[in-house]
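A.B. asks: Pasting the sequence and the predicted model now:
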Amino acid sequence: MAASSSPIKVLPPKHLAHIVLKTPNLQAMSTFYKTFLGAHANWESEHMAFLTYDDEHHRIALIGIPGLPPKVQKSAGLDHIAFTYETLTDLLTAYKQRKSAGILPLWSTNHGPTTSIYYQDPDGNRIETQVDNFETVEETNAFFSKPEFTQNPIGADFDPEELMRKLEDGVPESEVKKRPNVGARGVESIPW
C-alpha cells in the first residue's frame, strides 16, 4: 500500500520494542547477542530465542531457519540496529569488554550527534553502539542545521583506544565527544 499524501497524523508508538532476526545459525547468534549486549534468554528452544538486557521481555528475537542463504550486504533493506549508552565511558567500557571477548568493531566514527562504534554479528547484520554527544534534543537538532553537518553527515573516524586514553588523562567527556571538522564526506566513505 502506497503512503498517503493526506496530512493525517498517525498516533506514534510508545517506543521500539524489539527486532526479530531470521538466522541459519541460531546457537552462534544467540551466544553472540548474549555476549554483545550482556543479555540473557527469557525463553529459548532449539528453534527460537527471546533475549533481553533490560525490563522488556525481549529486545531481540532470533528465529532459527536451517538452510537460509547468507545475507546479501549490498541490497535494499535494514542497514543496522543501534543501542545507546548513557555515557562515553560506558560506551568505551563495553568496547573493552567486547574486545576481550574477541568481538572487534568494524568502524568507529563521531557522527556529530553521536559517537558510534559499529560491529557485525555472525550472520553479517551490523550493529551500532553509540552515545549522544549533546545533552538535549534541541542541541542535537541545532547541530543538524549547521553547514558542517550538511557537508559531512558521515562523521570523523576515531580509534576507541585513543578516546580511552584521553578520558584516562582527565579530558572531560564533553570535550572528547566534540566532532573534529574533517571536511566533506559522503556515503561512499562508509567502510562497507
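C.D. replies: Cool, the structure landed. Every value quoted in this text rests on a predicted model; they were computed, and no experiment measured them.
A.B. asks: Am I right that Thr115 sits in a strand?
C.D. replies: Yes: per DSSP: H, G, I helix; E, B strand; the rest coil, Thr115 lies within a strand segment.
A.B. asks: Report pLDDT for it.
C.D. replies: Here, the pLDDT recorded for Thr115 equals 98.
A.B. asks: is it in a bridge, and if so with what?
C.D. replies: For Thr115, the beta-bridge partners under DSSP bridges are Asn110, Val131.
A.B. asks: which residues touch it?
C.D. replies: By Cβ atoms under 8 Å, 6 or more residues apart in numbering, Thr115 lies in contact with 88, 91, 130-131, 133, 158, 163, 176-177. Quick note: C-beta positions are derived from backbone N, CA and C, even for glycine.
A.B. asks: Name the member of these with the shortest distance to Ile63.
C.D. replies: Among these, Gln130 lies closest to Ile63 (Cβ to Cβ), at 26.4 Å.
A.B. asks: I'd like the contacts of Thr115 laid out as CSV, including neighbour count, secondary structure and distance to Ala17.
C.D. replies: Shown next, in CSV, are these (neighbours: other Cβ atoms under 10 Å; DSSP: H, G, I helix; E, B strand; the rest coil; distance: Cβ to Cβ, whole Å):
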residue, neighbour count, secondary structure, distance to Ala17
Leu88, 22, helix, 27
Leu91, 23, helix, 23
Gln130, 20, strand, 19
Val131, 20, strand, 22
Asn133, 22, coil, 26
Phe158, 19, coil, 32
Leu163, 23, helix, 31
Val176, 21, helix, 32
Lys177, 19, coil, 29
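A.B. asks: now the helices for this structure?
C.D. replies: All helices of the chain, identified by DSSP state H, fall at 26-37, 88-100, 137-144, 147-151, 160-168, 173-176.
A.B. asks: list the helices and strands the first one packs on?
C.D. replies: Contact partners of helix 26-37 among helices and strands, from 3 or more Cβ pairs under 8 Å, 6 or more residues apart in numbering; DSSP states H and E: strand 40-44, strand 48-52, strand 60-64.
A.B. asks: Just put the ones you listed in JSON lines and tack on mean neighbour count.
C.D. replies: Below are these laid out as JSON lines (neighbours: other Cβ atoms under 10 Å):
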{"stretch": "strand 40-44", "mean neighbour count": "14"}
{"stretch": "strand 48-52", "mean neighbour count": "20"}
{"stretch": "strand 60-64", "mean neighbour count": "20"}
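A.B. asks: which ones are touching the residue minimising distance to the centre of the chain?
C.D. replies: Centroid check for the chain by Cα atoms, centre = their mean gives Glu128 as the closest residue, at 1.7 Å. Counting by Cβ under 8 Å, 6+ apart, Glu128 touches 80-83, 116-118.
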